[in-house]
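Asker: have a look; sequence and predicted model below, questions after that.
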Amino acid sequence: MSEKILVLENGEVFKGYGFGADVQMSGEVVFNTGMTGYQEILSDPSYCGQIVTLTYPLIGNYGINRDDFESITPAIHGLIVKEIELEPSHWRSEESLHTLLEAKGIPGLAGIDTRKLTRLIREHGTLKGRICASDVDVAAVVEMLKASEWMKNQVELVSTKDPYHVPGKGKRVVLVDFGMKHGILHGLIERQCDVIVVPYKTTAEEIIRLGADGVLLSNGPGNPEDVPEAIEMIKGILGKVPIFGICLGHQLLALACGATTSRLRFGHRGSNHPVRELATGKIDITAQNHGYTVDAESLEATELELTHVAVNDGTVEGVQHKVYPAFSVQYHPEASPGPDDANHLFDSFMKLINENKKQPQHV
Ligand SMILES: NC(=O)CC[C@H](N)C(=O)O
């Protein structure tokens, strides 16, 4: 394994060795605190353009299996670990993390102090970085990183290009794909839904024409303000069909209702984030992966009510519309990876759809 380095825009350099693809890539360096779940993390399209540092110190020991991908084509720009296991052992394992990343053209960096890197990100906020060969001109890379913009419009890169149908005998749910994790689709299939997955630019009229009983707004990468067409679409379906938003979908629902969003210093990424439901005081331990948040103060001027908050930092984790059937959460009820505590939210969505159907449909 060849020597590789991580160069950060603030000039810091971490020396380690490469695994995965032997390529150089830049991205926003973030960290995830999950102890397991690297296969789901690296294939979650919400990480598009990011270099993910895993804080758990030994990664790769249970390999890569056939079933746990959250998307077929990973969109991350790199994976950083303390120690990489090249010879995995697990009955479901089909290949190693190294061979998967190699095949997908994604660079890995191992052998660095991931605690030090994580502390740096926590203090400074997320940083732009580049995984490079050890003999690069570091000063030139730093200049290039400083001059570069944050990646934009990642949703365009990961959303499906064409709509497709996943037939089921139950309610018809239009799933708007902003970079959907497959776990969300599974959550609907398990509830017998008849799912139509549509591209992120689909209009409100097209969604209504599909005969949607409910609309699920998926997770996805980047800044929610980068997808104004989706915000317009949500304004068009609000009050006409029940809506459930997850992560980016939650941020987009909030923007469509007049709230604002902003960037968190270092985000929430991991499998153990406690969230409090305000109505009951109940805590769910949740899977999270986001760098933006809905601004709590901005909710006052809207018809949205705050339903969930993050226990760790008090940020907005869930909202519900006071008039129309629409709610959303910043965390991941589909987990993958992480605990299933919040899986009941798919049932809440089904309930909302069923109750809406009982209302007289039109005047
Ligand atoms: N997982 C997601 O949907 C992430 C939402 C958004 N891209 C963020 O970082 O906040």
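Answerer: Yep, it's here.

Asker: which parts of the stretch 1-150 of the chain sit against the ligand?
Answerer: Ser46 (C-beta under 6 Å from any ligand atom). No exception for glycine: its C-beta is placed from N, CA and C like everyone else's.

Asker: again, but for the stretch 151-300 of the chain
Answerer: The stretch 151-300 of the chain comes close to the ligand at residues 219-222, 247-248, 289-292, as judged by C-beta under 6 Å from any ligand atom.

Asker: run the last query once more with 5 Å
Answerer: By the rule C-beta under 5 Å from any ligand atom, the part of the stretch 151-300 of the chain lying against the ligand is 219, 221, 247-248, 289-292.

Asker: for the spatially closest residue to Met151 that is not a sequence neighbour, what are its contacts?
Answerer: Setting aside the residues directly before and after it, Met151 is nearest to Gly49 in space (C-beta to C-beta, 6 or more residues apart in numbering), at 4.0 Å. By C-beta atoms under 8 Å, 6 or more residues apart in numbering, the contact list for Gly49 reads 27-28, 75-77, 151, 154, 221-222.

Asker: if we go to 6 Å?
Answerer: 27, 77, 151, 154 (C-beta atoms under 6 Å, 6 or more residues apart in numbering).

Asker: buried set for stretch 55-74?
Answerer: Neighbour-count burial for stretch 55-74 flags 55-56, 59-64, 68-71, 74 (criterion: 16 or more other C-beta atoms under 10 Å).

Asker: stretch 103-113 too?
Answerer: Residues of stretch 103-113 classed as buried by neighbour count (16+ other C-beta under 10 Å): 104, 106-112.

Asker: returning to that earlier point: of the residues of the stretch 151-300 of the chain next to the ligand, which belong to helices?
Answerer: Using DSSP state H, the members of those that fall in helices are Leu248.

Asker: list just the nearest of the residues of the stretch 151-300 of the chain next to the ligand to Gly37.
Answerer: Of all those, Gly37 sits closest to Asn289, with 10.5 Å by C-beta to C-beta.

Asker: quick one: residues contacting the residue lying closest to that closest one once chain neighbours are set aside.
Answerer: In space, and not counting its chain neighbours, Asn289 is closest to Arg269: 4.9 Å by C-beta to C-beta, 6+ apart. The contact partners of Arg269, taken as C-beta under 6 Å, 6+ apart, are 30, 32, 289.

Asker: so of those, which ones are in strands?
Answerer: Cross-referencing the contacts of Arg269 against strands under DSSP state E gives 30, 32, 289.

Asker: so how far is Val329 from Gln251?
Answerer: Gln251 sits 11 Å away from Val329, going by C-beta to C-beta, to the nearest Å.

Asker: of those two, which one has the most company?
Answerer: Neighbours were counted for Gln251 and for Val329 using other C-beta atoms under 10 Å; Gln251 has more, 30 against 26.

Asker: tell me which helix or strand the more buried one sits in.
Answerer: Taking DSSP states H and E as the criterion, Gln251 maps to helix 248-256.

Asker: check which helices and strands that helix is in contact with.
Answerer: Counting contacts by 3 or more C-beta pairs under 6 Å, 6 or more residues apart in numbering; DSSP states H and E, helix 248-256 is packed against helix 228-237, strand 283-294, strand 326-329.

Asker: and among these, the most buried is which?
Answerer: A comparison of the helices and strands packed on helix 248-256 by mean neighbour count, using mean count of other C-beta atoms under 10 Å, puts strand 326-329 on top with a mean of 26.

Asker: looks to me like Ile51 is in a strand.
Answerer: Yes: the assignment for Ile51 by DSSP: H, G, I helix; E, B strand; the rest coil puts it in a strand.

Asker: pull the contacting residues for it.
Answerer: Contact partners of Ile51, counting by C-beta under 6 Å, 6+ apart, are 27, 29, 77-78, 129.

Asker: ranking those residues by neighbours, who comes first?
Answerer: Gly129 leads the contacts of Ile51 on contacts (other C-beta under 10 Å) with 33 neighbours.

Asker: list the buried residues of the longest strand along the chain.
Answerer: What stands out as the longest strand in the chain, according to DSSP E, is strand 261-277. Buried residues in strand 261-277, counted by 16+ other C-beta under 10 Å: 261, 266-271, 273, 275-276.

Asker: now the two most distant members of those.
Answerer: Longest span within the buried residues of strand 261-277, C-beta to C-beta: Thr261 and Ser271, 23.4 Å.

Asker: circling back to that earlier point, so which of the contacts of Arg269 comes closest to the ligand?
Answerer: Asn289 (4.4 Å; C-beta to the nearest ligand atom).

Asker: name the nearest residue to Pro45, sequence neighbours excluded.
Answerer: Using C-beta to C-beta, 6+ apart, the nearest residue to Pro45 is Gly179, at 3.5 Å.
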